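J.: coords below, sequence missing:
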């Protein structure tokens, strides 16, 4: 039997902002999708990366680790990382229970995140 993940990551560029759209459920099997997006963000080195999590239904500790890695890489290179919501309950719970919510710049929606990223 072949296993297939419903999770996917799409990337696009808007002026001055690299947008990563993560959809589905993310655990250790899907985290490579995010890591590839971080590599592309680093190569482009735009001032801001927005991670659109509106379609992200679940993330485990490997998902959180990938977000924290992106945060560290962006801070280290003087770039901004913004998470765009609204965040689903399981993502909110992950950030709250891990005590990492305050580590991220989180917006209510993608439009606000892009505006914040270009300000």
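T.: Structure's in. What do you need? Computed from a predicted structure; not experimentally measured.
J.: Please name the strands paired to the strand ranked longest in the chain in the sheet, noting orientation.
T.: Ordering each strand of the chain by length in residues (DSSP state E) puts strand 48-59 first. In the sheet, strand 48-59 lines up against strand 17-26 (parallel), strand 80-84 (parallel) (DSSP bridges).
J.: After the longest one, which helix or strand is next?
T.: Tracing the chain C-terminally past strand 17-26 and defining elements by DSSP states H and E, one meets helix 31-44 next.
J.: Wait, residue 53 touches residue 82, no?
T.: No - applying C-beta atoms under 8 Å, one finds residue 53 not in contact with residue 82, separated by 10.5 Å. C-beta here means a position set from N, CA and C on the backbone, and glycine is covered the same way.
J.: neighbour count winner among the two?
T.: Comparing residue 53 with residue 82 by neighbour count (other C-beta atoms under 10 Å), the higher total belongs to residue 53, at 26 against 23.
J.: List the contacts of that one.
T.: By C-beta atoms under 8 Å, 6 or more residues apart in numbering, residue 53 lies in contact with 22, 83-85, 87-88, 91.
J.: Just give me the closest of those to residue 112.
T.: Nearest to residue 112 out of the contacts of residue 53 is residue 84 (C-beta to C-beta; 7.4 Å).
J.: Where does the prediction get shaky in this protein?
T.: Filtered on pLDDT under 70, the chain yields the residue ranges 1-5.
J.: which ones are touching the most centrally placed residue in the chain?
T.: Residue closest to the average C-alpha location in the chain (C-alpha atoms, centre = their mean): residue 51, at 3.4 Å. By C-beta under 8 Å, 6+ apart, the contact set of residue 51 is 20, 22, 67, 70, 81-84.
J.: Going by neighbour count, which of those residues are buried?
T.: Buried members of those, scored by 16 or more other C-beta atoms under 10 Å, are 20, 22, 67, 70, 81-84.
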